[in-house]
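Asks: Sequence plus predicted model, see below.
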Amino acid sequence: MSFTTRIKALAAASIAAATLFSMAACGTSDSADTSSSDGSSKSSSTQGFDTSSIKKDDELAALLPDSVKSDGVLKVGTDTSYAPAEFLAEDGKTPVGFDVDLTKALAAEFGLKPETVTATFDSIIPSVGSKYDIGISSFTVTKERLEAVDFVTYLKAGSTFVVKKGNPSKIDSSDLCGKKVAVQTGTTQEEEINKANDACKAAGKSSIDIQSSKLQTDVTTAVASGKADIFYADTPVAGYAIKQTGDTLEALGEDVGVTPEAVAIKKGDTKTAEAVQKAVQKLMDDGTYKKILDTWGVSSGAIDKAEINPAVES
């Protein structure tokens with residue numbers, strides 16, 4: 001959906017990762033050397049779905065090229081500041097979330113050891129195929145991203161705006177000119193807010209104060225602390241953050257702009273794309289996929305068909 005359509009629909013925005021209390025954010029490099037700010041890590045669901053019963057599928061494993069499977073590891077780039085999709089557990093080191101469970105399930109089907117590597121969101125796609133075998137980090141499929149990587153869909157999600165409880169600043173998501181808006185760097189939400197800012201300036205209105213942060217946890221904290229008026233993120237992430245922060249935050253408006261999210265694969269690596277598509281489809285067909293989503297309370301985003309490079313709107 002276009003940004004104009006979203007703004008007209010008022011908007012919904014979602015965000016992120018987790019409770020703002022005790023936010024020591026995870027590292028901004030590819031090492032998880034700090035504790036997560038997700039208060040979400042306090043949830044009993046951080047253990048996630050048990051993938052130990054998933055057995056290797058020799059036919060699926062045979063589809064993977066040696067460049068991926070030769071070391072016996074499926075290395076996945078993930079931004080672990082985005083609960084409940086991917087974040088750090090209570091120990092500040094262990095990646096958890098429904099994307100992490102999907103990583104484990106895929107690795108089990110391929111007979112590989114899963115390795116989730118913490119990275120900043122905007123650094124993952126450029127490193128798929130070199131530093132990481134694949135990327136699984138709530139990537140919305142866009143035309144721009146399709147020019148850089150191939151995708152295999154596994155979820156659908158909209159966007160949601162989040163403000164402080166009671167909306168004390170009286171924010172109207174259809175008119176953000178002059179407001180302080182927090183977004184995560186490199187996300188589609190950041191792109192949309194940049195477009196909204198251009199529209200504000202073209203109309204002779206005050207610019208949007210865009211606060212772009214590498215970590216979603218920092219985005220959440222910005223609103224909870226009053227540094228920003230509103231933040232914008234994927235709906236599952238927003239809902240989880242609201243739940244974990246108790247009476248601190250609330251959604252503004254309705255969820256809009258539902259689009260597919262997908263696994264990122266090196267552009268032109270058709271063998272890996274086919275293997276991942278068939279593996280995800282098998283998880284959907286045998287019920288494992290739904291159990292993973294149910295574990296994290298995000299089954300409303302379930303789809304029944306994994307697709308390679310789906311058509312998307314401009």
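Replies: Cool, got the structure. The structure displayed is predicted, hence computed values, not measured ones.

Asks: For the protein, which segments are assigned as strands?
Replies: 73-78, 81-82, 86-88, 95-96, 113-118, 134-140, 149-164, 180-184, 209-213, 230-234, 249-266 (DSSP state E).

Asks: Which neighbours in the sheet does the first one have, and how are they oriented?
Replies: I take that to be strand 73-78. strand 113-118 (parallel), strand 134-140 (parallel) (DSSP bridges).

Asks: in it, what's buried?
Replies: Counting neighbours by 16 or more other CB atoms under 10 Å, one finds that the buried residues in strand 73-78 are Leu74, Lys75, Val76, Gly77, Thr78. (Each C-beta comes from the backbone N, C-alpha and C, glycine too.)

Asks: Would you agree the fourth one is in contact with Ala119?
Replies: Yes: with the criterion set as CB atoms under 8 Å, Gly77 and Ala119 qualify as a contacting pair; they are 4.8 Å apart.

Asks: in the stretch 201-314 of the chain, which ranges drop under the pLDDT threshold?
Replies: Regions of the stretch 201-314 of the chain meeting the criterion pLDDT under 70 cover residues 314.

Asks: one step back: want to throw the strands paired with strand 73-78 into a markdown table with mean neighbour count and distance to Asp91?
Replies: Formatted as a markdown table, these follow (neighbours: other CB atoms under 10 Å; distance: least, CB to CB, whole Å):
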| stretch | mean neighbour count | distance to Asp91 |
| --- | --- | --- |
| strand 113-118 | 19 | 13 |
| strand 134-140 | 26 | 20 |
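
Asks: wait, which of those is closest to Phe231?
Replies: Among the strands paired with strand 73-78, the nearest to Phe231 by CB to CB is strand 134-140 (15.1 Å).

Asks: Would you point out which residue is most central in this protein?
Replies: The centre of the chain sits closest to Ser138, judged by CA atoms, centre = their mean, with a distance of 2.7 Å.

Asks: Check the gap between the residue nearest to that one when sequence neighbours are not counted and Ser212 for me.
Replies: What sits nearest to Ser138 in space, not counting adjacent residues and going by CB to CB, 6 or more residues apart in numbering, is Ala85, at 4.6 Å. Distance of Ala85 to Ser212, computed by CB to CB, to the nearest Å: 19 Å.

Asks: next one: Lys56
Replies: For Lys56 relative to Ser212 (CB to CB), the value is 42 Å.

Asks: of the two, who's got more company?
Replies: Between Lys56 and Ser212, counted using other CB atoms under 10 Å, Ser212 has the larger neighbour count: 18 against 13.

Asks: right, and that one touches Lys180 too?
Replies: No: using CB under 8 Å, Ser212 makes no contact with Lys180, being 11.7 Å away.

Asks: Assess the claim that the residue nearest to Ser138 and Asp99 are in contact.
Replies: Yes: contact criterion CB under 8 Å: Ala85 and Asp99 qualify, at 4.6 Å.

Asks: which neighbours do the two share?
Replies: Listed as contacting both Ala85 and Asp99 by CB atoms under 8 Å, 6 or more residues apart in numbering are Ser137, Ser138.

Asks: Can you identify each of the helices in the stretch 1-150 of the chain by residue range?
Replies: 3-8, 58-63, 66-69, 98-110, 121-124, 143-146 (DSSP state H, counting those that start in this stretch).

Asks: Go through those helices and name the closest to Thr220.
Replies: Taking CB to CB, helix 121-124 is the member of the helices of the stretch 1-150 of the chain nearest to Thr220, at 14.2 Å.

Asks: name the helices or strands packed onto the closest one?
Replies: Packed against helix 121-124 by the contact rule (3 or more CB pairs under 8 Å, 6 or more residues apart in numbering; DSSP states H and E) you find strand 73-78, strand 134-140.
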